[in-house]
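Visitor: 3D, please:
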Amino acid sequence: MIIRLIIEILVGALIGSIAGKIMDKENKGFVINAVLGIIGGAVGGWIGNILGLGGGWISGLILSIVGACLVIYIIGKLK
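Guide: Below is the predicted model:
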């Protein structure tokens, strides 16, 4: 259980980092990237579920990156 949590945090950080580079906001740091990646994964999964997309790990990663980009965009507009 702890190993899974650590892996999810690391994958979330990677997704947040990728989304930060796509959105040109990569200077947020590891913790912020991890949080944005985890939130983005949830948002991307939710959007994929609504649209009937997903089912594989590649589509899950893509949806997570799209979700993290969306979260970064929304946070940028709120500031």
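Visitor: ok, now which ones touch Leu61?
Guide: Ile15 (CB atoms under 8 Å, 6 or more residues apart in numbering). In this view, the C-beta of every residue, glycine as well, is placed from N, C-alpha and C.
Visitor: what separates it from Lys77, distance-wise?
Guide: 25 Å (CB to CB, to the nearest Å).
Visitor: give the contact list for Ile9.
Guide: 34, 38 are the contacts of Ile9 under CB under 8 Å, 6+ apart.
Visitor: buried ones in whichever strand or helix holds it?
Guide: For Ile9, the element it lies in under DSSP states H and E is helix 2-22. Neighbour counts over helix 2-22 (16 or more other CB atoms under 10 Å) mark 9, 11-20 as buried.
Visitor: This structure: helices as residue ranges?
Guide: In the chain, the segments counted as helices under DSSP state H are 2-22, 30-51, 57-78.
Visitor: Run through this structure and note the low-pLDDT ranges.
Guide: By pLDDT under 70, the low-scoring segments of the chain are 25-28, 54.
Visitor: before we move on, back to that, helix 57-78 and the helix holding Ile9, what's the angle between them?
Guide: With axes from the mean of the first three to the mean of the last three CA atoms, to 10 degrees applied, the angle from helix 2-22 to helix 57-78 works out at 60 degrees.
Visitor: can you give me the angle helix 2-22 makes with helix 30-51?
Guide: Going by the same axes, to 10 degrees, helix 2-22 makes 90 degrees with helix 30-51.
Visitor: Alpha carbons of helix 2-22, as PDB, please.
Guide: This file holds the C-alpha atoms of helix 2-22, laid out as PDB (Å, rounded to 0.1, in the frame of the first residue of the first chain):
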ATOM      1  CA  ILE A   2       2.800   2.400   0.800                       C
ATOM      2  CA  ILE A   3       4.700   1.400  -2.300                       C
ATOM      3  CA  ARG A   4       1.600   2.200  -4.400                       C
ATOM      4  CA  LEU A   5       1.200   5.600  -2.800                       C
ATOM      5  CA  ILE A   6       4.900   6.400  -3.500                       C
ATOM      6  CA  ILE A   7       4.500   5.300  -7.100                       C
ATOM      7  CA  GLU A   8       1.400   7.400  -7.600                       C
ATOM      8  CA  ILE A   9       3.100  10.500  -6.100                       C
ATOM      9  CA  LEU A  10       6.100  10.000  -8.400                       C
ATOM     10  CA  VAL A  11       3.900   9.400 -11.500                       C
ATOM     11  CA  GLY A  12       1.800  12.500 -10.500                       C
ATOM     12  CA  ALA A  13       5.000  14.500 -10.200                       C
ATOM     13  CA  LEU A  14       6.100  13.300 -13.700                       C
ATOM     14  CA  ILE A  15       2.700  14.200 -15.200                       C
ATOM     15  CA  GLY A  16       2.700  17.600 -13.500                       C
ATOM     16  CA  SER A  17       6.200  18.200 -14.800                       C
ATOM     17  CA  ILE A  18       5.200  17.300 -18.300                       C
ATOM     18  CA  ALA A  19       2.100  19.400 -18.100                       C
ATOM     19  CA  GLY A  20       4.100  22.300 -16.700                       C
ATOM     20  CA  LYS A  21       6.500  22.100 -19.700                       C
ATOM     21  CA  ILE A  22       3.600  22.000 -22.100                       C
END
